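> predicted model and sequence below, questions to follow.
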Amino acid sequence: MNVRDMIASHIKNVPPSGIRKYFDLINEMDNVISLGIGEPDFITPWSIREEGIFSLEKGYTNYSSNAGAIELRREICRYMERRFDLTYSPDNEVLVTVGGSEAIDAAIRALINKGDEIVIPEPSFVAYKGCALFSGAVPVPLRLKSENQFRLKRKDLEDTVTERTKIIIIAYPNNPTGAIMQYDDYRELVDFLKDRKIMIISDELYAELTYTGEHVSIANFEEIKDRTIVVNGLSKAYAMTGWRIGYVCGHRDIIEQMKKIHQYAIMCAPTTAQYAATEALKNGDDEVASMVAEYNRRRRLVLNGFRDIGMDCFEPFGAFYVFPDIRKTGMTSDEFCERLLVEEKVLMVPGSAFGDCGEGFVRATYATSMDNLTEAIKRTGRFIERVK
């Protein structure tokens, strides 16, 4: 018997992440500067770590409520209102998850019937398509345009939505492009969506990492708030990737169904991490502001540095990525990244890993030190000069 024949076809046919092979390659190399991993290089602030340690010392190691500790859910609601002017009830409109990825998966599974369509604006976070396929949905890519700074436009949405569309995933600030959406951008989308039976998953994990003005959520529009599921978490803004704490806010009827999936599959998010997260949301604003200021300094260095060496790059105003255009080199994204890694030991990620429309671009993160960024720009400049 061939064991592979026993694997579910809808799982077997999903390709692995296009990012992973590059991370495997750097494990075999020395002196590599990685601009590939979307993870803060900061250590979780001490007061947050201390709270986690204290919870262990006190023996707080039991399961929490399935939805998450009520103290954390209350703090999430205070945070969402304080930072983004969004009001939710901690009793039935918040679910604490194992990172933002679980929240996305549970939201999709709670809504999808087999064959429903999910519109995924691309380039996008690699998990969206996988979660759609795992649920039996049909992922429908919507090609974002560099000339629009990768913002989602109403006309493109109108051309993509069909009578089978069940969900639209909106993710701003965006991974991998660093693009943001502003109030007027959302206003156009809301005018189109408000009378349609379509749910919105708004992935706002990078909300705090906005470098111009204030972050705007599509959930800020009352006429569409009940149909918007807001996904957020502490991984990026609070440098808490390994703690695996995310959360989702939305209408109580949706949260109730997501909680059932969470109950059977997960039980609850890690208790120690929940205590740390409560401290982070309660007292971490200054730490976040300090990290965001440093990211912004690095953002300007990388943007100007890439432009100086001849890489076309629009200005990203969110997250911690730049998405330069490498088409004039004549190489594919994959070829560019592989040669840059082998020849100059700089790791970037091909834009094609984030959807077909990412071809011709590469993603570089500036979640690393200024020294590393300066050296990476120097090495990339040598490479560009050699291949142009």
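Happy to help now that I have it.
> can you give me the strands for the stretch 201-350 of the chain?
Counting by DSSP state E, counting those that start in this stretch, residue ranges of the strands within the stretch 201-350 of the chain are 228-233, 246-249, 321-322, 346-347, 349-350.
> ok, which of those strands comes nearest A367?
Taking Cβ to Cβ as the criterion, strand 321-322 is the member of these that comes nearest to A367, at 8.6 Å. Yep, even glycine has a C-beta here, placed from its N, CA and C like the rest.
> gap between the closest one and the chain center?
When distances are taken as Cα atoms, centre = their mean, to the nearest Å, strand 321-322 is centred 13 Å away from the chain's centroid.
> can you check stretch 303-311 too?
Stretch 303-311 has its average C-alpha position 25 Å from the chain's average C-alpha position, going by Cα atoms, centre = their mean.
> so what's the closest residue to P45 other than its chain neighbours up against?
Excluding its sequence neighbours, the residue lying closest to P45 (Cβ to Cβ, 6 or more residues apart in numbering) is E287, at 4.3 Å. Taking Cβ atoms under 8 Å, 6 or more residues apart in numbering as the contact definition, E287 lies against 45, 47-48, 238.
> next one: Y247
Taking Cβ under 8 Å, 6+ apart as the contact definition, Y247 lies against 68, 76, 94-97, 103, 231-233.
> got JSON lines for the strands of the stretch 201-350 of the chain, with mean pLDDT and distance to I384 too?
As requested, the strands of the stretch 201-350 of the chain are exported to JSON lines (pLDDT from 0 to 100; distance: least, Cβ to Cβ, whole Å):
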{"stretch": "strand 228-233", "mean pLDDT": "98", "distance to I384": "36"}
{"stretch": "strand 246-249", "mean pLDDT": "98", "distance to I384": "38"}
{"stretch": "strand 321-322", "mean pLDDT": "98", "distance to I384": "15"}
{"stretch": "strand 346-347", "mean pLDDT": "96", "distance to I384": "11"}
{"stretch": "strand 349-350", "mean pLDDT": "96", "distance to I384": "16"}
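> among the contacts of Y247, which ones are in strands?
For the contacts of Y247, membership in strands holds for 94-97, 231-233, with DSSP state E as the criterion.
> can you tell me which of the contacts of Y247 lies nearest to Y183?
Closest to Y183 out of the contacts of Y247 is N232 (19.0 Å), distances taken as Cβ to Cβ.
> report the beta-bridge partners for that closest one.
Y247 (DSSP bridges).
> rewinding a little: quick check, pLDDT for the residue nearest to P45.
According to the predicted model, the pLDDT of E287 comes to 97.
> report pLDDT for V387.
In the prediction, the pLDDT value recorded for V387 is 86.
> how far does stretch 136-147 sit from the chain's center?
Offset of stretch 136-147 from its chain centre (Cα atoms, centre = their mean): 16 Å.
> tell me which residues of it are tucked away?
By neighbour count on 16 or more other Cβ atoms under 10 Å, the buried set for stretch 136-147 is 137-142, 144, 146.
> ends of that stretch, what's the gap?
Using Cα to Cα, to the nearest Å, the end-to-end distance of stretch 136-147 comes to 33 Å.
> one more: stretch 321-333?
Across its full length, stretch 321-333 reaches 16 Å end to end, with Cα to Cα as the criterion.
> ok, now stretch 315-325?
End-to-end distance for stretch 315-325, by Cα to Cα: 12 Å.
> could you do stretch 146-155 as well?
The first and last residues of stretch 146-155 sit 15 Å apart, counting by Cα to Cα.
> hmm, who's touching it?
For stretch 146-155, the external contacting residues (Cβ under 8 Å, 6+ apart) are 121, 123, 142, 144-145, 170, 172, 174, 177, 179-181, 185, 188-189, 191-192, 314-315, 323, 325, 361.
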